[in-house]
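Student: Generate coordinates for the sequence data below:
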Amino acid sequence: MRLSSVVSLAAPPSCLACGHHAREREPVCAACRRSLRWLGPEPVLLHGLLVWAPVAYEGAARPLVRALKYRGAFPAAAVMAAQMAATARPARFAEGTALVPVPLTTSRRRRRGFNQAERLAAGLGVRTGLTVSDCLKRRGGGGAQVGRDREARLAALQDAIALRSRCAAPERVLLIDDVCTTGATLAACAQALRAAGSRHVAAAVYALTPGR
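Tutor: Here you go, the predicted structure:
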């Protein structure tokens, strides 16, 4: 018997979303997969930016995002990236597009030890063959966005995101993040990229808050 099979018998694989039993090599159980609400193929327009997501931020999508963001469950990033790539129209990942992860503040990245958007971008890069360009940074300020309305988020993020020094802005960009709530952070990233020379900017996230 293979060692992996012995380990599975001793400690059956758990669903990343609910923690219950999952099949081997299937990190999300069947019940959680059924709870995902798949969105249509068309993007939404937020602050002048086209934003696309495969699922709504409800059901199993919520604990799956939290597993990655707060528990460092990196296999969740692989699941999320695979679902994004599998349901995307080819045009979203057109040749020459750079995958640009939304940056975290320095303090938040220090606490977590990673940026979940970078993990998603890396997973998408493997599946699409596109280059990941970690060219954006947070310049401080802005504070926590949770609980703020759209206007407050936009005001807090103004001038808080910029191109990294010695980085060139890609001509064609697909911004990558885990969740889009109001679109303010994505809009601030797009503004910084366009100001630096990017001509085509859109966004792809794993989950979109319902009603957006």
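
Student: From now on I want contacts and neighbour counts done on CA atoms only, so please keep to that.
Tutor: Fine.

Student: ranges for the helices of the chain?
Tutor: With DSSP state H as the criterion, the chain has helices at 3-10, 30-35, 61-71, 74-87, 106-112, 116-128, 150-157, 184-196.

Student: Among those helices, single out whichever gets nearest to residue 138.
Tutor: The closest of the helices of the chain to residue 138 is helix 106-112. By CA to CA, the value is 7.4 Å.

Student: Contacts for the closest one, please.
Tutor: By CA atoms under 8 Å, 6 or more residues apart in numbering, the residues outside helix 106-112 that reach it are 69, 70, 72, 115, 138, 140.

Student: and with 7 Å instead?
Tutor: residue 115 (CA atoms under 7 Å, 6 or more residues apart in numbering).

Student: what do you get for stretch 93-105?
Tutor: 115, 117-118, 121, 128, 130-138, 140, 170, 172-177.

Student: Can you find the helix or strand in this structure with the smallest mean pLDDT?
Tutor: helix 3-10 (a mean of 40; mean pLDDT, DSSP states H and E).

Student: could the helices of the chain be laid out in JSON lines, adding mean neighbour count?
Tutor: Formatted as JSON lines, the helices of the chain follow (neighbours: other CA atoms under 10 Å):
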{"stretch": "helix 3-10", "mean neighbour count": "10"}
{"stretch": "helix 30-35", "mean neighbour count": "14"}
{"stretch": "helix 61-71", "mean neighbour count": "18"}
{"stretch": "helix 74-87", "mean neighbour count": "20"}
{"stretch": "helix 106-112", "mean neighbour count": "12"}
{"stretch": "helix 116-128", "mean neighbour count": "22"}
{"stretch": "helix 150-157", "mean neighbour count": "17"}
{"stretch": "helix 184-196", "mean neighbour count": "22"}
